[in-house]
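Novice: Kindly generate the corresponding structure for this input.
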Amino acid sequence: MREELLIIVTGGTLDKVHDTFAEALAFDPNGKSHMPEILASARCHFPQTQLIFLKDSLDFTDEDRAFIKAEICNATEEAIVLTHGTGTMAQTACFLADQQIEKTIVLTGAIRPYSFAGSDAQFNLGGAVIAAQTLPHGVWAIMNGRVFPADRVKKDVQSGRFDL
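Specialist: Residues are numbered from 1 along each chain as shown. The predicted structure follows:
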């Protein structure tokens, strides 16, 4: 089991809040992530966290994915959890798998923001933290209690979940 774990935060629904002025989901105007609060509530004290940006994954560019790859490669930790929007999680998972990085990289996110009642954020993040410590090197996604290899990540937009 790997003892050192890095959680890289990139945004996505997990980190959104309800913007009462715009009547829409948005990121914290101060650029803060919910990650410290999520980890504290779970009494999960050991992962390092790194906020690289707060962005909707539908707005990710090839440059964003290259930046994510560079941050993963530069990290000293072998176990990486990458929080990511669900809209393009599959695309980023395949991109990272093609890079053949010798680390365990687990993407996760949420269908409902952490700040909303009934969010799946904590459940998915908990699964990802465990998976990153125990799965072999490669790129994986954890959503809805399932482990997906990078090439099998698929969001069913009709049901709002990930399935095989």
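
Novice: ok, residue 65 touching residue 89?
Specialist: No: Residue 65 lies out of contact with residue 89 (Cβ atoms under 8 Å); the separation is 11.6 Å. Quick note: C-beta positions are derived from backbone N, CA and C, even for glycine.

Novice: for the chain, what spans make up the strands?
Specialist: 5-11, 16-19, 24-27, 48-55, 79-83, 104-108, 138-143, 146-149, 155-156, 161-162 (DSSP state E).

Novice: would you turn these into JSON lines with mean pLDDT?
Specialist: What follows is the strands of the chain, written out as JSON lines (pLDDT from 0 to 100):
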{"stretch": "strand 5-11", "mean pLDDT": "98"}
{"stretch": "strand 16-19", "mean pLDDT": "91"}
{"stretch": "strand 24-27", "mean pLDDT": "94"}
{"stretch": "strand 48-55", "mean pLDDT": "97"}
{"stretch": "strand 79-83", "mean pLDDT": "99"}
{"stretch": "strand 104-108", "mean pLDDT": "99"}
{"stretch": "strand 138-143", "mean pLDDT": "98"}
{"stretch": "strand 146-149", "mean pLDDT": "98"}
{"stretch": "strand 155-156", "mean pLDDT": "92"}
{"stretch": "strand 161-162", "mean pLDDT": "90"}
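
Novice: Can you lay out the ones you listed as CSV showing distance to residue 69?
Specialist: Conversion of the strands of the chain to CSV gives the following (distance: least, Cβ to Cβ, whole Å):
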stretch, distance to residue 69
strand 5-11, 11
strand 16-19, 24
strand 24-27, 22
strand 48-55, 11
strand 79-83, 10
strand 104-108, 10
strand 138-143, 11
strand 146-149, 18
strand 155-156, 21
strand 161-162, 22
